[in-house]
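# Show me the folded form of this:
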Amino acid sequence: MGYDPRTPDGVTAMDDLELANRFERQRPQLSAVAYRMLGSLTEADDAVQESWLRLQRTDAEQIDNLEPWLTTVIARICLNILRSRRTRGEQPLNSFLPEPIIDNPVAGTDPEHEALLADAVGIALQVVLDTLSPAERLAFVLHDMFAVSYEEIAGILGKSPEACRQIASRARRRVRMTEDPTSDPQRQREIVDAFLAAAKTGDFQMLLSLLSPDVELVADAAAIGMGAPASLVGCNDVASRFSGGAKAARTALLDGLAGPVWSQGGTVKVAFDFTVVADKVTKIEMIAEHDVLGEIDIEVLRCGRDQ
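Sure, this is the predicted structure:
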């Protein structure tokens with residue numbers, strides 16, 4: 001569906017024409033975002049058209065920067081579509097597989113087509129995206145694929161930037177697990193259990209054996225306020241931080257993957273989000289922000305072998 005940048009009396013206005021031209025320059029980006037979000041060219045086209053209609057209904061003079069404004073608008077439109085799908089219990093319109101973009105020599109010369117074609121590479125990834133929640137998909141697509149800041153994503157989702165960072169991290173982890181055939185949640189649990197046991201007994205060498213040489217420990221603002229370092233890099237520094245500690249920590253499932261937690265009064269106060277690659281811990285995120293913890297599905301496991 002096209003648009004008609006004309007005034008009601010049919011006389012083309014320069015301001016409207018310029019606005020239409022500026023929108024056209026953003027169309028490839030908007031189409032790419034919408035396609036990644038929705039997995040359907042038809043729905044992506046409809047979302048782009050809706051963003052144009054919303055722009056027409058807005059005083060353009062009040063828009064400081066058109067590009068991020070349009071990105072926010074298209075993201076909100078797509079988020080509403082994804083939420084509507086889930087509410088109605090519908091499968092995506094692509095019927096499990098995203099609609100492929102068929103190349104041809106003529107269309108290949110069109111910038112919009114080329115942008116969509118490039119964005120269509122990796123059908124498997126698009127299928128994985130369909131398994132994410134609407135918020136996870138939005139945060140992952142906007143941040144990891146289109147470099148939108150967590151501050152901007154926070155404005156779209158109505159959450160804090162830290163919560164959006166965690167949502168994207170959760171989505172990233174799920175994508176990695178799906179794409180990596182060697183990913184094994186049970187093996188991660190074994191590594192986390194071994195890490196906790198070594199930390200509690202002060203077995204420094206065991207900790208070193210479980211950590212990647214360039215492992216990174218990072219803490220959010222709330223964890224830093226509790227005395228944690230903002231960042232440590234390297235297995236020796238990270239092992240030293242945990243050796244002889246973590247006495248009250250227990251293994252939990254954080255969105256289905258093992259990671260230690262520290263609780264007080266039955267409430268989880270700190271979660272340690274472990275990234276494990278090739279049987280080595282490559283990153284540990286200390287999460288203590290209340291709203292971020294609220295975004296994580298946490299299941300504290302029983303002690304003993306079931307831990």
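# what's the distance between residue 49 and residue 77?
From residue 49 over to residue 77 the distance is 10 Å, taken as C-beta to C-beta, to the nearest Å. All C-beta spots, glycine's among them, are computed from the backbone N, C-alpha and C.
# and these two? which has more neighbours close in?
It is residue 77, of residue 49 and residue 77, that has more neighbours when counted by other C-beta atoms under 10 Å, with 23 against 14.
# Look up which helix or strand the more buried one falls in, please.
Taking DSSP states H and E as the definition, residue 77 sits inside helix 66-88.
# Who are the packing partners of that helix?
Counting contacts by 3 or more C-beta pairs under 8 Å, 6 or more residues apart in numbering; DSSP states H and E, helix 66-88 is packed against helix 14-38, helix 41-56, helix 134-140, helix 150-157.
# Not counting its neighbours along the chain, what's nearest residue 151?
Closest residue to residue 151 apart from its sequence neighbours, by C-beta to C-beta, 6 or more residues apart in numbering: residue 161 at 5.1 Å.
# what sits against that neighbour?
Listed by C-beta atoms under 8 Å, 6 or more residues apart in numbering, the contact partners of residue 161 are 149-151, 153-154.
# If any of those are buried, put those into a ChimeraX selection.
Per 16 or more other C-beta atoms under 10 Å, the buried members of the contacts of residue 161 correspond to this ChimeraX selection:
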select :150,153,154
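# Without its sequence neighbours, what residue ends up closest to residue 239?
residue 207 is the one closest to residue 239 (C-beta to C-beta, 6+ apart), at 3.9 Å.
# Can you classify the one you found by secondary structure?
What DSSP: H, G, I helix; E, B strand; the rest coil gives for residue 207 is helix.
# State whether it and residue 195 are indeed in contact, as I suppose.
Yes. Counting by C-beta atoms under 8 Å, residue 207 touches residue 195, with 6.8 Å between them.
# any shared contact partners between the two?
By C-beta under 8 Å, 6+ apart, residue 207 and residue 195 have these common neighbours: residue 242.
# Give me the more crowded residue out of these two.
A count of neighbours by other C-beta under 10 Å puts residue 195 above the other of residue 207 and residue 195, at 29 against 24.
# Next, the more buried one: phi, psi?
When read as degrees, to the nearest 10, the backbone of residue 195 gives phi -60, psi -50.
# Enumerate every residue touching the nearest residue to it once chain neighbours are set aside.
Leaving aside its sequence neighbours, residue 195 sits nearest to residue 210 (C-beta to C-beta, 6+ apart; 5.2 Å). Counting by C-beta under 8 Å, 6+ apart, residue 210 touches 191, 194-195, 198, 280-281.
# any idea how far residue 186 is from residue 210?
To residue 186, residue 210 is 16 Å away according to C-beta to C-beta.
# Alpha carbons only: can I get the lengthiest strand in the chain in CSV?
In the chain, taking DSSP state E as the definition, the longest strand is strand 267-277. What follows is strand 267-277, C-alpha atoms only, in CSV (Å, rounded to 0.1, in the frame of the first residue of the first chain):
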residue,chain,number,x,y,z
THR,A,267,13.7,-13.6,48.9
VAL,A,268,16.4,-13.7,46.3
LYS,A,269,18.6,-10.7,46.7
VAL,A,270,21.4,-11.5,44.3
ALA,A,271,21.5,-13.8,41.2
PHE,A,272,24.7,-14.8,39.5
ASP,A,273,23.9,-15.3,35.8
PHE,A,274,26.6,-17.7,34.4
THR,A,275,27.6,-18.0,30.8
VAL,A,276,29.2,-21.3,30.1
VAL,A,277,30.9,-22.1,26.8
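# Partner strands of that strand, with direction?
Taking DSSP bridges as the criterion, strand 267-277 forms sheet pairs with strand 257-264 (antiparallel), strand 280-287 (antiparallel).
# And the last one, what's buried?
For strand 280-287, the neighbour count (16+ other C-beta under 10 Å) marks 280-281, 283-287 as buried.
# swap in the first one?
For strand 257-264, burial by neighbour count (16+ other C-beta under 10 Å) applies to 257-263.
# Need the contact partners of that strand.
173, 177, 185, 188-189, 191-193, 195-196, 246, 248-254, 268-274, 298, 300.
# okay, now residue 186: neighbour count?
Neighbour count of residue 186, defined by other C-beta under 10 Å: 8.
# Doesn't it lie inside a strand?
No. Counting by three-state DSSP, one finds residue 186 to be helix, located in no strand.
# show me what contacts it?
So residue 186 contacts nothing (C-beta under 8 Å, 6+ apart).
# Great, nothing more from me.
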